[in-house]
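Okay, predicted coordinates and the sequence, questions at the end:
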Amino acid sequence: MTIVWILLAVAAVAVVFFLMNKKPDDAAALPPADDKPKLPESGGGSKAKEKDKGAAEFFDRPPPKEVPKTRPQAATVKATPVALGGPSKDESSDAEAPKPVESKPPKAEKPRFVEEDFGKPMVFDPATVRKGLAKTRGGFIARLADLFRGRKEIDPSVLRDIEEILLSSDVGVKTTQVLLARLHERLERNELGDEEKVWAALREEALAILGTPGRLKLKEKPTVVLLVGVNGAGKTTTIGKLASKLQAQGKKVVLGAGDTFRAAAVQQLEVWAEREGAEIVKGKEGSDPAAVLFDAVEKAKASGADVVLCDTAGRLQTKTNLMEELAKVRRTIGKALDGAPHETLLVLDATNGQNALQQARLFMEKIELTGVVLTKLDGTAKGGVVLAIAEELKLPVRYIGIGERAEDLREFDPAEFVEALFASRDALDAGAAESAA
């Protein structure tokens, strides 16, 4: 019993001695009560201390700076069945091949504007045109009829007489030579045996010169038509009659009063506009005609009009400055609407004969013309100038004027014109009887 107490005393002294000699750091290194106890580490105590020191240094170091990661660019992968999750190459051999998907063709865009005829076609009516050409028929056509009448045989001397008649009727030298050369070929082939065959040959050759009908077309919306010519040719009246035809067809028309130097021209257009229910754009007297016509085109675009008819001041073809002004007008209209004017018509007075042909040549040197309007054919015996214009200028005749009424401005139909002009003697006599009645 004594020995037990001695041992307990020694143990108590050892504990006191241990507690008195323990360092504070060792107490701090003890884990907190709620932490799990560390597992015993293999090796000596010095290695454990070095490991603990290394772990402390690792956690005390500042975090490393993040380096921005560059996202690798995705490679273009061909869409194969395997890539899309379909069957592999081996599996696809047994599977049915997929049917190709039919791709529908893209729908064609609807055109902005469909080209159509400029007004309704006139009814083929040679009798009406024949009345309008009464003076021409009473002139050189009547002389040709007298030349052929009673002849049972046509010889070369007749061709010389024909040449004289054609030259005196403003058919023109060049056109006369063309006609005579063709008639001479027919004569050598014995195709001009009698009077009727001569008339038939004249009709065929005249029709070949005049060509096919050169009708105006509505090419855009709006279609811009510029009318030019000398003083007194009938530009303003022609514009009024064209407006009447178009309005009757249901087209919306804007009139551009570009003749700013003549107050009467503006007033005349105002009367036509009021009568036909068309819009008119005008400026002050003496204002810039190019600016007026520019505004007319802009007005037509804003209002959805179908046609713009542009009047211009009459000018002598010999006045260079006035002709240059026409070129400026055309350029200004083109700025208002790309491609405009779509038609530039030269209005000629048929009573001027060969002088009208000379006017056309000079106008063609300054501006681009697309056709001719031949007015006052009912008041002259020089209707043969139509053949000269078609042959020498190679310009289509768009309209002919054979009276004062709006319907007397007729679309030029070569077949109708030739039939009315070169009718046979029976037709000529019938026409004379109708006129007398």
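Okay, I see it.

low-scoring pLDDT stretches of the chain, where are they?
Regions of the chain meeting the criterion pLDDT under 70 cover residues 1, 16-122, 316-319, 424-437.

Looking at it, which helix is longest?
Once the chain is assigned using DSSP state H, the helix that runs over the most residues is helix 2-21.

Centre of the chain to that helix, how far?
Computed by Cα atoms, centre = their mean, to the nearest Å, the separation of helix 2-21 from the middle of its chain amounts to 120 Å.

Return the set of buried residues in that helix.
Buried positions in helix 2-21, judged by neighbour count with 16 or more other Cβ atoms under 10 Å: none. Where C-beta positions appear, they are placed from N, C-alpha and C, glycine not excepted.

Likewise for stretch 130-148?
So, applying 16+ other Cβ under 10 Å, buried residues of stretch 130-148: 130-134, 136-137, 139-141, 143-145, 147-148.

same question, stretch 397-406
Neighbour-count burial for stretch 397-406 flags Val397, Arg398, Tyr399, Ile400, Gly401, Ile402, Gly403, Ala406 (criterion: 16+ other Cβ under 10 Å).

Report the beta-bridge partners for the fourth one.
Note on Ile400: beta-bridge partners Leu374, Arg410, judged by DSSP bridges.

That one contacts Asp413, doesn't it?
No - Ile400 lies out of contact with Asp413 (Cβ atoms under 8 Å); the separation is 9.3 Å.

any common contacting residues for those two?
Between them, Ile400 and Asp413 have no joint contacts when contacts are counted by Cβ atoms under 8 Å, 6 or more residues apart in numbering.

measure stretch 390-399 end to end?
Terminal residues of stretch 390-399 are spaced 13 Å apart (Cα to Cα, to the nearest Å).

Now do that stretch: everything it contacts.
Looking at stretch 390-399 with Cβ under 8 Å, 6+ apart, the contacting residues turn out to be 172, 174-175, 178, 209-211, 214-216, 238, 242, 345-346, 357, 360-361, 364, 369-374, 386, 389, 409-412.

Give me the buried subset of these.
172, 175, 178, 209-210, 214-216, 238, 242, 345-346, 357, 360, 369-374, 386, 389, 409-412.

Centre of the chain to stretch 149-161, how far?
Using Cα atoms, centre = their mean, the distance from the centre of stretch 149-161 to the centre of the chain it belongs to is 53 Å.

so of the contacts of stretch 390-399, which ones are in helices?
Secondary-structure check on the contacts of stretch 390-399 using DSSP H: residues within helices are Lys174, Thr175, Val178, Ile209, Leu210, Thr238, Leu242, Leu357, Ala360, Arg361, Met364, Val386.

Now these in JSON lines, please, with extra columns for distance to Trp199.
Conversion of the ones in helices among the contacts of stretch 390-399 to JSON lines gives the following (distance: Cβ to Cβ, whole Å):
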{"residue": "Lys174", "distance to Trp199": "23"}
{"residue": "Thr175", "distance to Trp199": "18"}
{"residue": "Val178", "distance to Trp199": "18"}
{"residue": "Ile209", "distance to Trp199": "16"}
{"residue": "Leu210", "distance to Trp199": "16"}
{"residue": "Thr238", "distance to Trp199": "32"}
{"residue": "Leu242", "distance to Trp199": "34"}
{"residue": "Leu357", "distance to Trp199": "26"}
{"residue": "Ala360", "distance to Trp199": "29"}
{"residue": "Arg361", "distance to Trp199": "31"}
{"residue": "Met364", "distance to Trp199": "33"}
{"residue": "Val386", "distance to Trp199": "18"}
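
which two in those residues are spaced the farthest apart?
For these, with distances taken as Cβ to Cβ, the pair at the greatest spread is Val178 and Leu242 (31.8 Å).

residues touching the nearest residue to Leu210 once chain neighbours are set aside, list them.
Setting aside the residues directly before and after it, Leu210 is nearest to Pro414 in space (Cβ to Cβ, 6 or more residues apart in numbering), at 3.7 Å. Residues in contact with Pro414, defined by Cβ under 8 Å, 6+ apart, are Leu207, Leu210, Gly211, Thr212, Pro213.

what's the burial count for the first one?
By the measure other Cβ atoms under 10 Å, the count of residues near Leu207 is 16.

mind checking which helix or strand it is in?
Here Leu207 is covered by helix 195-210, with elements defined by DSSP states H and E.

After that helix, which helix or strand is next?
strand 217-218.

How far away from the center of its chain is that following strand?
In terms of Cα atoms, centre = their mean, the centre of strand 217-218 is set 11 Å apart from its chain centre.

can you start the count at 250 instead of 1 from here on
Sounds good: first residue 250 from here, last item strand 466-467.

so after that strand, what's the next helix or strand?
strand 472-477.

Which strands border that following strand, and is each parallel or antiparallel?
Take DSSP bridges as the rule and strand 472-477 pairs in its sheet with strand 556-559 (parallel), strand 592-598 (parallel).

List the buried residues in stretch 477-497.
477-479, 482-496.

Surely Pro538 touches Asp508?
Yes - Pro538 lies in contact with Asp508 (Cβ under 8 Å); the separation is 7.1 Å.

Quick check: neighbours shared by these two?
Residues within reach of Pro538 and of Asp508 at once, by Cβ under 8 Å, 6+ apart, are Thr561, Ala562.

Kindly format the C-alpha coordinates of the longest helix of the chain as PDB.
Only the C-alpha atoms of helix 251-270 are listed here, as PDB (Å, rounded to 0.1, in the frame of the first residue of the first chain):
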ATOM      1  CA  THR A 251       2.800   2.300   0.800                       C
ATOM      2  CA  ILE A 252       4.300   1.600  -2.600                       C
ATOM      3  CA  VAL A 253       1.100   2.600  -4.400                       C
ATOM      4  CA  TRP A 254       1.100   6.000  -2.700                       C
ATOM      5  CA  ILE A 255       4.800   6.500  -3.600                       C
ATOM      6  CA  LEU A 256       4.000   5.800  -7.300                       C
ATOM      7  CA  LEU A 257       1.100   8.200  -7.300                       C
ATOM      8  CA  ALA A 258       3.200  10.900  -5.700                       C
ATOM      9  CA  VAL A 259       6.000  10.400  -8.300                       C
ATOM     10  CA  ALA A 260       3.400  10.700 -11.100                       C
ATOM     11  CA  ALA A 261       2.000  13.900  -9.700                       C
ATOM     12  CA  VAL A 262       5.400  15.400  -9.400                       C
ATOM     13  CA  ALA A 263       6.100  14.400 -13.100                       C
ATOM     14  CA  VAL A 264       2.900  16.000 -14.300                       C
ATOM     15  CA  VAL A 265       3.700  19.200 -12.400                       C
ATOM     16  CA  PHE A 266       7.200  19.200 -13.800                       C
ATOM     17  CA  PHE A 267       5.900  18.700 -17.400                       C
ATOM     18  CA  LEU A 268       3.300  21.500 -17.100                       C
ATOM     19  CA  MET A 269       5.900  23.900 -15.800                       C
ATOM     20  CA  ASN A 270       8.300  23.200 -18.600                       C
END
